[in-house]
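# the following block contains a protein sequence and its predicted model.
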Amino acid sequence: MYVLAKLDVAKALGPNEDSINTAEAIAKVVGADPSALYRLMHSTAVEGLFREIIDDTKTGVFGHTPLSMELLDPLTRDQTLCFCGPGFYRGWESLEESIKTGKCQYQKATGYVDYWDFLTKHPDDEYIFKRSMSSITINSVKRLSELGDFKQFNVVCDVGASEGILLKEILRTYPTIKKGIAFDRPTVINKNVHEANLDPRFSEVTGDFFVSVPAADCYILKSILHDWNDESSAAILNTLGRSLNPGGKVYIMDYVIGLPGYTAAQESHIAWLDMHMLQMVDGKERSKKDFDDLCKKTPFHVENIIISQLKADMWLSNIVVLTK
């Protein structure tokens, strides 16, 4: 999948579901060996990714399937490059050491301290990671923006906001919010490109959430704390606690292990995501009890967990609400 996405084979095959092309012609476009590319496309066609067309006059003729059409979407391609790329799959080679020690052993497999260190030293991969995370966010922003009661806040700060997609949706949904702050590292913020009619309430601030964050009435941590172990997560929450305005809240948008109503597929997704977090960055998915225990090291407590009724897919559908 990674090689097909990297070479952009689906795009070279053609732009629509009726497109037909030969492996030889595609190989010329993407710069590949015709025979080797045919073998790869044949192998993935057996699994349903492409459709191999038997033609008495030509060999190696392929068409699209619904799966290969997905790779024409730049966001899906970015996710494939990220999730199937060397920064992810090579990190799993040291799983045995991680299980034995209980700590992320990414460095033993890759030579980098963790996945964050890998991204720091590979700017192109960092950009793809940012884009793939944004593509995931796009699928859940409407649900999450409506799930949280943001109308009670004047200043909302999305910590680790990336391109600010969630924050923009929140500002669209709640016109009473006076200011929205997208907070992230300079290497992320400085590469952002925004639409011409950007909401004047939207602003960007660079920094380090282990050091300081702008003052706000509500902090959003979407898919942030699961990237970190308990010690680091407590440090992040303590940073937020020092700047949170009186009466403010923290909205943690992470999966919660053991919530009622999960399907077997959702439980499987969360369980393997938990293993992935351990292996890549020494992070974890958490249960309600885990969040309660984490808060004991901070000025916060879990006020409640807001759960959406729309839980038929894999996208985030809950918010853990923290207050002082």
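Looks like it arrived, so ask away. All values reported here derive from a predicted model rather than from experimental measurement.
# which elements pack onto the least confident helix or strand in the chain by mean pLDDT?
Each helix and strand of the chain was given a mean pLDDT (mean pLDDT, DSSP states H and E); the minimum falls on helix 123-138 at a mean of 88. Contacts defined by 3 or more Cβ pairs under 8 Å, 6 or more residues apart in numbering; DSSP states H and E place helix 123-138 against helix 74-83, helix 115-120, helix 165-173, helix 186-189. Quick note: C-beta positions are derived from backbone N, CA and C, even for glycine.
# can you name the element that comes right after the third one?
Proceeding C-terminally, helix 165-173 gives way to strand 179-184 as the next helix or strand, assigned by DSSP states H and E.
# that older thread, which of the helices and strands packed on helix 123-138 sits closest to residue 57?
Smallest distance to residue 57 across those (Cβ to Cβ): 32.0 Å, for helix 74-83.
# could you point out the longest helix of this protein?
Ranked by residue count and defined by DSSP state H, the top helix of the chain is helix 264-281.
# need the residues that contact the least confident helix or strand of the chain.
With contact meaning Cβ atoms under 8 Å, 6 or more residues apart in numbering, helix 123-138 is reached by 74-76, 78-79, 81-83, 85, 87, 118-120, 162-163, 165-166, 187-188, 191, 222-223, 315.
# so for the next helix or strand after the longest helix of the chain, mean pLDDT?
Next helix or strand after helix 264-281 toward the C-terminus (DSSP H and E): strand 286-287. Strand 286-287 shows a mean pLDDT of 98.
# just checking, what packs against strand 286-287?
strand 256-257.
# coming back round to it: could you pick out the buried ones from the contacts of helix 123-138?
For these, a neighbour count by 16 or more other Cβ atoms under 10 Å gives the buried set as 76, 78-79, 81-83, 85, 87, 118-119, 162-163, 165-166, 188, 222-223, 315.
# and the helix or strand just after the least confident helix or strand of the chain, what's buried?
Under the assignment DSSP H and E, the closest C-terminal helix or strand after helix 123-138 is helix 141-147. Neighbour-count burial for helix 141-147 flags 141, 143, 144, 145, 147 (criterion: 16+ other Cβ under 10 Å).
# can you give the contact residues for helix 141-147?
Here helix 141-147 makes contact (Cβ under 8 Å, 6+ apart) with 165-166, 169-170, 172-174, 222, 253, 306, 308, 310, 315-319.
# chain center to stretch 263-275, what's the gap?
From the chain centre to the centre of stretch 263-275 is a distance of 15 Å (Cα atoms, centre = their mean, to the nearest Å).
# could you pull out the buried residues of it?
Within stretch 263-275, the residues that count as buried by 16+ other Cβ under 10 Å are 266, 269, 270, 273, 274.
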